Every structure is written in structure tokens, then in C-alpha cells.
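Trainee: Sequence first, then the predicted structure:
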Amino acid sequence: MAELHVRRATIGDLAALVELENAVFAGDRISERQWRRHLESLTAEVFVATLEHRLLGAVLLFFRRDSRVARLYSIAVAEGARGCGVGERLLAKAERAAVRRANRVLRLEVRRDNRVAQRLYESHGYRLIGEYRAYYQDGEDARRYEKPLAS
Ligand SMILES: CC(C)(COP(=O)(O)OP(=O)(O)OC[C@H]1O[C@@H](n2cnc3c(N)ncnc32)[C@H](O)[C@@H]1OP(=O)(O)O)[C@@H](O)C(=O)NCCC(=O)NCCS
């Protein structure tokens, strides 16, 4: 049976990342230019989940040199591949990458109406630390979560 691979993204994944982004998110999208910048950045990491060279999901992390708090900026799984553990695998990879860079905490924001993603975070040790009002383009609030990382 074909196996799911989770690996560092390369510039060769750019087109598939943009396609995934446009398929999954209606607003607040990361543009091609931004993906390219993140792929080349020393303070960002992108991981992709692939099955037989098909890109099924991606996660984007940001780091700051002067901070031990990493940020999970985006995670997405193609609609037809959801509910099979791809999101979980990407989240685990993101956490390991943050630990490797000596971060103590991983933080993220999620739409208040996105219960599926909130359940994923809550079942993996993330706790609600606050809210931002009208954080997204369409006016939806954000819930902020964080997880202490074991070193
Ligand atoms: C959130 C998302 C990344 C989860 O990816 P996924 O591959 O489906 O997640 P997994 O299969 O690894 O599921 C892990 C957990 O997520 C939750 N979950 C996933 N799909 C769910 C569903 N349809 N209904 C309820 N909970 C669900 C469950 O807690 C699940 O744990 P379980 O398998 O023990 O029930 C995916 O739904 C997605 O891309 N959504 C659109 C983009 C998005 O919302 N990104 C997050 C923005 S912050």
C-alpha cells in the first residue's frame, strides 16, 4: 500500500501549495509570492504530506530569532484526504520542528467557527489562551491556542 510521507517542502512544491491553498481557503489566502518567500525564508518552515507524489496537506510555521515561541501559521489538508490522520501527522512534524529550533511553546490562531480544527488542537494538548475580535477578512473572531513543547 502507498505510504504517506511528511517532509520539508521545496520550491518544486510551490504550484501544488498554491493549488491546495486556493482549494481549501475562501479568504485570508497565502499568495504564490508569499509561499515562495516562506519557502526561501530562514525563519519559516513548510512541511508537506504527500501520497505517491500527490500533495495532500501542508503546514507553515514561523520562528523568531529572539523568541522561544513558534507560530503555526497555517495547516491544510485536501478535502478528499481529511479524517485519515494527515492533519495529525503534519501537526506532529510541526511540533518536532519547533522543538528542534529550541522553542518552548507553539501558538496558533483558528477561526471561532472552525470546530474541526479546534478539536484537532484540543485533542493534542493545545489550550485556549484568548480571542481576537474580527481577526479574519470576513470579520470572524480568532481563538488563540498554545501548547507547551517538551524539550
Ligand atoms: C483541520 C484539518 C487540517 C484537519 O486535518 P485532517 O487530516 O482531517 O485531521 P486528522 O484526520 O488528522 O484528524 C485529527 C483530529 O481532527 C479532528 N477532526 C478531523 N476531521 C474531523 C471531522 N470531520 N469532524 C470532527 N473532527 C474532526 C478530530 O479531533 C480528529 O481526531 P480523531 O481522528 O481522533 O477523531 C482539515 O480539516 C482542514 O484542512 N481543514 C480546512 C483548513 C483548516 O481549517 N485549517 C486550520 C486553520 S487554523
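Mentor: Nice, thanks for sending it over.
Trainee: Contact residues of the protein facing the ligand?
Mentor: Within the chain, the positions adjacent to the ligand are 24, 75-77, 82-88, 110, 114, 116-117, 119-120, 123 by C-beta under 6 Å from any ligand atom. Bear in mind the C-beta positions are built from the backbone N, C-alpha and C, glycine included.
Trainee: Mind jotting down where the helices sit in the chain?
Mentor: Along the chain, counting by DSSP state H, helices occupy 14-24, 32-40, 86-100, 115-122.
Trainee: With respect to burial, which of the ones you listed scores highest?
Mentor: helix 86-100 (a mean of 19; mean count of other C-beta atoms under 10 Å).
Trainee: and the gap between the closest residue to residue 113 other than its chain neighbours and residue 80?
Mentor: Among residues not flanking residue 113 along the chain, residue 140 sits closest, at 6.1 Å (C-beta to C-beta, 6 or more residues apart in numbering). Residue 140 is 25 Å from residue 80, where distance means C-beta to C-beta, to the nearest Å.
Trainee: again with residue 94
Mentor: On the measure of C-beta to C-beta, residue 94 and residue 80 end up 22 Å apart.
Trainee: Residue in this structure with the shortest distance to the ligand?
Mentor: The nearest approach of the chain to the ligand comes at residue 87, 2.4 Å away (C-beta to the nearest ligand atom).
Trainee: mind listing what that residue touches?
Mentor: Counting by C-beta atoms under 8 Å, 6 or more residues apart in numbering, residue 87 makes contact with 57, 75, 77, 120.
Trainee: What's opposite the spatially closest residue to the second one that is not a sequence neighbour in the beta bridge?
Mentor: Going back to what we said before, that points to residue 75. Using C-beta to C-beta, 6+ apart and skipping residues adjacent in sequence, the residue nearest residue 75 is residue 59, 4.5 Å away. In this entry, residue 59 is beta-bridged to residue 47, residue 75, by DSSP bridges.
Trainee: Just confirm residue 59 contacts residue 70, I think it does.
Mentor: No - between residue 59 and residue 70 there is no contact under C-beta atoms under 8 Å: 11.5 Å.
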